[in-house]
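Visitor: here is a sequence with its predicted model. Questions after.
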Amino acid sequence: MSTMLPPSSSSGTATAPATAPQEPRETADALEADRPTEPRARADTGAGADRRAEPDPRGAEARTTAPWGTDPYANALRTGRGPLFLRRSDGWLLPLEVERWCSDAGAADLSALHRCEGPVLDIGCGPGRLVAELTALGHRALGIDVSEAAVARTRLIGGSALLRSVFDPLPGEGRWGTLLLVDGNIGIGGDPAALLDRAADLLSTGGLLIAETSPLDIDERVQVRLDDGLRTPAENAAPGPADRPFPWARIGTPALLRYAGACGWRPADQWSAEGRAFVSLRRPRRPRPPVRERSARTSSQSAESANSTPVISSQLER
């Protein structure tokens with residue numbers, strides 16, 4: 001998730017703040033290694049598991065956070081169920097599939113994961129089912145998300161994750177074999193062309209981007225905010241930090257291919273599974289800008305994302 005809603009704080013009045021975790025090093029270090037990691041079993045995630053979100057490991061960054069009880073997304077990940085929606089400015093509610101996100105990877109997910117090549121970066125990893133599944137299969141995988149609750153839960157079920165926006169500096173830039181943008185995350189930031197440009201910076205030469213698209217032939221930009229459907233009219237009239245609208249995009253396969261073609265991406269595959277549509281693209285063959293230029297651009301994007309709203313993993317269907 002990136003450009004968007006302030007990540008929620010996990011500390012509520014009834015619990016003590018969690019100790020700041022060390023950022024996982026194994027996945028970034030694995031990019032330097034020649035041998036794959038061994039498969040490992042995922043941790044138990046029963047209803048009694050502690051899913052408290054962890055503080056921002058980059059503590060130097062100032063972030064505006066909402067109390068645990070007021071963040072619908074963090075609450076949904078903590079319980080593993082909805083209701084949860086994205087509310088458009090016109091009042092239309094887009095249902096989000098929290099139960100699916102918090103379950104094991106399904107057949108449609110596996111159809112994408114089995115196409116992954118090399119080390120995998122899951123952008124907007126949410127509660128981490130794909131990172132955990134890739135790890136169990138022996139892949140080197142890392143999830144990134146701007147939600148503390150999402151990062152905490154990903155680590156809890158056996159995956160590696162960092163509290164980062166896709167526009168922040170990331171480990172292994174230019175060396176990832178596969179990027180994942182599933183569960184609607186091609187809409188991150190409300191600008192698919194900008195997201196594709198950033199993805200090209202992250203991938204190695206010939207790297208693969210796997211994106212899930214809307215099953216509809218659609219290309220729209222919207223402003224949305226999170227909504228659990230439980231707020232009173234008075235609460236809706238007095239929005240808090242977690243209620244700020246953020247930009248989001250919904251695009252179908254034809255629209256994604258248009259954006260990709262304009263950016264030099266090469267189509268690799270298209271398929272559908274369990275009613276979900278996917279596209280894979282090969283990184284454009286283009287000269288990489290000098291390191292100094294890339295560093296300046298990433299710093300600018302990171303500063304912008306720090307003042308914007310994080311996007312959550314979502315599949316937006318009419």
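Guide: Perfect, thanks for sending it. Numbering: from 1, shown residues only.
Visitor: show me the shaky parts of the stretch 151-300 of the chain.
Guide: Applying pLDDT under 70 to the stretch 151-300 of the chain flags residues 231-242, 286-300.
Visitor: where exactly do the helices run in it?
Guide: 192-202, 233-237, 253-263, 291-306 (DSSP state H, counting those that start in this stretch).
Visitor: residues of the first one that come out buried?
Guide: Read it as helix 192-202. 192, 194-196, 198-202 (16 or more other C-beta atoms under 10 Å). Any C-beta I mention is one placed from the backbone N, CA and C, and that applies to glycine too.
Visitor: what is it packed up against?
Guide: Secondary-structure packing of helix 192-202 (3 or more C-beta pairs under 8 Å, 6 or more residues apart in numbering; DSSP states H and E): strand 176-181, helix 253-263, helix 291-306.
Visitor: switch the cut-off to 10 Å
Guide: Applying 3 or more C-beta pairs under 10 Å, 6 or more residues apart in numbering; DSSP states H and E, one finds that helix 192-202 contacts strand 120-123, strand 176-181, strand 203-213, strand 246-251, helix 253-263, strand 276-282, helix 291-306.
Visitor: now distance to Asp145 and mean neighbour count too, for these, in a markdown table please.
Guide: As requested, these are exported to a markdown table (distance: least, C-beta to C-beta, whole Å; neighbours: other C-beta atoms under 10 Å):
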| stretch | distance to Asp145 | mean neighbour count |
| --- | --- | --- |
| strand 120-123 | 8 | 29 |
| strand 176-181 | 12 | 24 |
| strand 203-213 | 16 | 21 |
| strand 246-251 | 14 | 24 |
| helix 253-263 | 22 | 18 |
| strand 276-282 | 20 | 21 |
| helix 291-306 | 12 | 14 |
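Visitor: distance to Ala108 for those - can I get that in TSV?
Guide: Listed next are the helices and strands packed on helix 192-202 as TSV, based on distance: least, C-beta to C-beta, whole Å:
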stretch	distance to Ala108
strand 120-123	15
strand 176-181	13
strand 203-213	9
strand 246-251	18
helix 253-263	15
strand 276-282	5
helix 291-306	29
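Visitor: right, so of these, which gets closest to Leu162?
Guide: strand 120-123 (9.9 Å; C-beta to C-beta).
Visitor: now the buried residues of helix 192-202 in TSV, with distance to Ala141?
Guide: Output for the buried residues of helix 192-202, formatted as TSV (distance: C-beta to C-beta, whole Å):
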residue	distance to Ala141
Pro192	24
Ala194	24
Leu195	20
Leu196	21
Arg198	19
Ala199	16
Ala200	20
Asp201	19
Leu202	14
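Visitor: okay, now Gly229: neighbour count?
Guide: Close neighbours of Gly229, defined as other C-beta atoms under 10 Å, add up to 12.
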